[in-house]
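Chemist: Predicted structure and sequence below. I'll ask about it afterward.
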Amino acid sequence: MATGKDRQKQLAREHYERQMQRRIEREQKAKRTAIIGSTVGVVIVVGGIVAAVALLGGNDPGTEAAASPSATPADTASASASASAPAGPKPYNAATGTCDYVKDASGGQVKDVGMPPTKVKTKPATKTMTFKTNLGDIVVELNNAKAPCTTNSLEFLAGKKYYDGSKCHRLGSDKFPMLQCGDPAAKADGKSQDGSGGPGYVMAEENLQGAQYKRGVMAMAKTQAPGSTGSQFFLVYGDIGLTPDYTPVGTITKGLDILDKVNKAGVITDMGDGTGAPKQTVEIKDVTIAGKS
C-alpha cells in the first residue's frame, strides 16, 4: 500500500512531467515562429528558429505580439479594415530614381526628424556606415545598389544625429544570434525590451530575393505588415533561419568581435524567449556614412 509520502512523491512527479510537457510544447511552437521588433508594431518572423517576442514599445514589435508568437490579435482585429486601408509605401522606382516614404500611422514613440529626400542614386553601389560605440567601431558596407531607399534613409537619419546616444535594447541568444538597435526611445535597462520608437515614417522592404540572415548581415526590423521598415535594425553574429522578409541592407566588415563580446556577456533578464537587454551596454555615439568609389 502506498504511503502518504509515496503519494506526495507521485503527485510531485506528475506535476513536474506536466510542466516539462508544456515547456516542450512551447519550445516546439517557438521554433516555428520568431519575432523581431522594429518601429511601431510587431515584427513577426514566420519560420524563424526561436520565438523572440520583442516589445519594441508602444506599438513596436511586441506589444501586440507578446501574448503569442503567431499572428497578433491586432492582425485579426484589423483584417476586415485592411481592404480599405491606404496603400503602403511603394518600392524604389528605377525609372524615376525615387523612393516612397510614408507617414507611419501605427503609433509608437517618434523622434521626428522629418522625411528623407525621395530622389536617390544607386551609385556608388556601396557605402560605408560606421557606428562609433562605447565598445569601438562597428563598420557596415551598405548595399546601395540593391537597397537604395533603405540606404538613403539610414544616411538621412545619420545626418540628423538620430541614432546618437541610443542604446541597443535587445540581445538574442545562441539560437537567435542578433543584436537589435536603432530606436532612440528604447529601454535597455533589463526591465523590458521596450522599443516603440521610430522616425515617424516607413518604407518598402528591399533586396529580399534570396535574402539570408547569416553571420555578418545587417538587416532592418519591421512589423508583420509589408512596407513597415523604419529605423530599427539588427546585427547578426550567427546564422538565423528567418524567412526573406527583412531588408538585408549591408554586411558587417568590422566589429563582429564586439558583437561576440556582447553575446558572451548575456542578457540582464531573460524576457521568456531567451532574449533581453544586453548586460554589456552598447551605446551608439555617432554614425557616419560615406560613399565608396
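Modeler: Done, it's in.

Chemist: where along this protein do the strands fall?
Modeler: For the chain, the strands defined by DSSP state E cover 33-35, 44-46, 102-103, 126-133, 136-143, 170-173, 176-181, 201-202, 217-220, 233-236, 248-254, 284-291.

Chemist: Can you give the strand pairings for the fourth one, parallel or anti for each?
Modeler: Based on DSSP bridges, the strands next to strand 126-133 in the sheet, each with its direction, are strand 136-143 (antiparallel), strand 284-291 (antiparallel).

Chemist: before we move on, what about the third one?
Modeler: Here the strand partners of strand 102-103, with direction, are listed using DSSP bridges: strand 201-202 (antiparallel).

Chemist: Quick check: mean pLDDT of the partner strand?
Modeler: Confidence for strand 201-202, expressed as mean pLDDT, is 96.

Chemist: Equivalent analysis for stretch 169-180, please.
Modeler: For stretch 169-180, mean pLDDT rounds to 92.

Chemist: Could I get the buried residue list for it?
Modeler: Buried residues in stretch 169-180, counted by 16 or more other CB atoms under 10 Å: 169-173, 175-180. For the C-beta atoms, the positions are set from N, CA and C on the backbone; glycine is no exception.

Chemist: can you check stretch 90-97 too?
Modeler: Of the residues in stretch 90-97, Y92 count as buried by neighbour count, 16+ other CB under 10 Å.

Chemist: Quick one: residues in contact with that stretch.
Modeler: The contact list for stretch 90-97 (CB atoms under 8 Å, 6 or more residues apart in numbering) reads 98-100, 119-122, 148-149, 204, 206.

Chemist: can I get the CA coordinates of that stretch in PDB?
Modeler: The C-alpha trace of stretch 90-97 is given here as PDB (Å, rounded to 0.1, in the frame of the first residue of the first chain):
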ATOM      1  CA  LYS A  90       5.900  51.800 -53.000                       C
ATOM      2  CA  PRO A  91       9.200  50.200 -53.800                       C
ATOM      3  CA  TYR A  92      12.100  52.100 -55.400                       C
ATOM      4  CA  ASN A  93      11.100  53.400 -58.900                       C
ATOM      5  CA  ALA A  94      14.100  52.800 -61.100                       C
ATOM      6  CA  ALA A  95      12.600  54.800 -63.900                       C
ATOM      7  CA  THR A  96      12.400  58.000 -61.900                       C
ATOM      8  CA  GLY A  97      15.000  57.200 -59.300                       C
END
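
Chemist: Name the helix or strand of this structure that has the lowest mean pLDDT.
Modeler: helix 73-78 (a mean of 29; mean pLDDT, DSSP states H and E).

Chemist: Name the nearest of the buried residues of stretch 169-180 relative to K214.
Modeler: Checking the buried residues of stretch 169-180 against K214 with CB to CB, the nearest one is P177 at 9.9 Å.

Chemist: Just give the closest residue to that closest one, not the sequence neighbours.
Modeler: Residue nearest to P177 in three dimensions, not counting chain neighbours: G238, with 2.9 Å by CB to CB, 6 or more residues apart in numbering.

Chemist: how much space between that neighbour and T253?
Modeler: Computed as CB to CB, to the nearest Å, the G238 to T253 distance reads 17 Å.

Chemist: Neighbour count: those two, which is higher?
Modeler: More neighbours surround G238 than the other of G238 and T253, with 19 against 14 (other CB atoms under 10 Å).

Chemist: so where's the stretch 101-250 of the chain uncertain?
Modeler: For the stretch 101-250 of the chain, residues meeting the criterion pLDDT under 70 lie at 187-194.

Chemist: What ranges does it have for its helices?
Modeler: Shown for the stretch 101-250 of the chain, the helices assigned by DSSP state H, counting those that start in this stretch span residues 148-159.
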